[in-house]
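Asks: structural data only, the sequence is not supplied:
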């Protein structure tokens, strides 16, 4: 898939949480095709200590407004600088990168999308595209507290939404793999993104039920094109660059001990 280096203009920068910002960008020309699960490498200008681009999942693509959204976790100087971008600022972005999620051949109501923390980001665009193709996905979103659950209203536009929080402040108390929906409903495909321990737990559940499962890995990705080799993952096909061969992998391809 062709990659583009674009100077995009900030249309909105919303602070959803003290540690999360939703950055919306547009271009004078039509944005290129992007698939759910792909990501972008965003250049951080004006931050002397930030030398590398920051890999950020594509959160949503609004074709009506010609916008691409990025949900950014503000954890370091680079991402915090992006969180301070103003409307009208120009940000250089390389996209779309990597391979996305596998879309079902036929519409289905047995698709489970599991996201944890900032890993919920790619689930929104995936859910929108699944709903657009006639599917009715189920979302299972996990966080530490109710304040850490983001974009719930948007998720509700595309399917049923279930939540877990570690403190029980929203949805069911506990982790996503402990939610009762996993017992009440059978699924034929699971998509997940989030902290690695969470994804491994979801993958273990999927294997126990013989359910097809794809995970979006969050290995450190400096270049985004498979040149620097810092995001390598050990797979059944040897060592593969997550940024180029992923970030989405079927769990059967990963050598996880689950």
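Replies: Thanks, I have the structure now. Keep in mind that what you see is a predicted model, and the values were worked out from it rather than measured.

Asks: so for the residue lying farthest from the centre of the chain, what's the pLDDT?
Replies: Ranked by distance from the centre of the chain (C-alpha atoms, centre = their mean), the top residue is residue 48, with 27.7 Å. On the pLDDT scale, residue 48 is placed at 79.

Asks: likewise the one 10 residues further on?
Replies: Confidence at residue 58, expressed as pLDDT, is 98.

Asks: now residue 174
Replies: As predicted, residue 174 sits at a pLDDT of 97.

Asks: A strand includes the residue farthest from the centre of the chain, no?
Replies: No: counting by DSSP: H, G, I helix; E, B strand; the rest coil, one finds residue 48 to be coil, located in no strand.

Asks: how much space between it and residue 81?
Replies: 10 Å (C-beta to C-beta, to the nearest Å). C-beta here means a position set from N, CA and C on the backbone, and glycine is covered the same way.

Asks: ok, for residue 124, nearest residue in space, not its chain neighbours?
Replies: residue 60 (5.2 Å; C-beta to C-beta, 6 or more residues apart in numbering).

Asks: mean confidence for the helix or strand hosting residue 233?
Replies: Here residue 233 sits within strand 232-235, counting by DSSP states H and E. Regarding strand 232-235, the rounded mean pLDDT is 94.

Asks: for that strand, buried residues please.
Replies: 232-233, 235 (16 or more other C-beta atoms under 10 Å).

Asks: cool, stretch 80-87 as well?
Replies: Using 16+ other C-beta under 10 Å as the test for burial, stretch 80-87 gives 80-83, 85.

Asks: tabulate the buried residues of strand 232-235 (a markdown table), appending distance to residue 167.
Replies: Formatted as a markdown table, the buried residues of strand 232-235 follow (distance: C-beta to C-beta, whole Å):
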| residue | distance to residue 167 |
| --- | --- |
| 232 | 36 |
| 233 | 32 |
| 235 | 36 |
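
Asks: hang on, the earlier thing: possible to save the buried residues of stretch 80-87 as JSON lines with pLDDT?
Replies: Below are the buried residues of stretch 80-87 laid out as JSON lines (pLDDT from 0 to 100):
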{"residue": "80", "pLDDT": "94"}
{"residue": "81", "pLDDT": "94"}
{"residue": "82", "pLDDT": "96"}
{"residue": "83", "pLDDT": "95"}
{"residue": "85", "pLDDT": "97"}
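
Asks: can you flag which of these belong to helices?
Replies: Counting by DSSP state H, the part of these found in helices is 80-82.

Asks: right, I'll leave it there.
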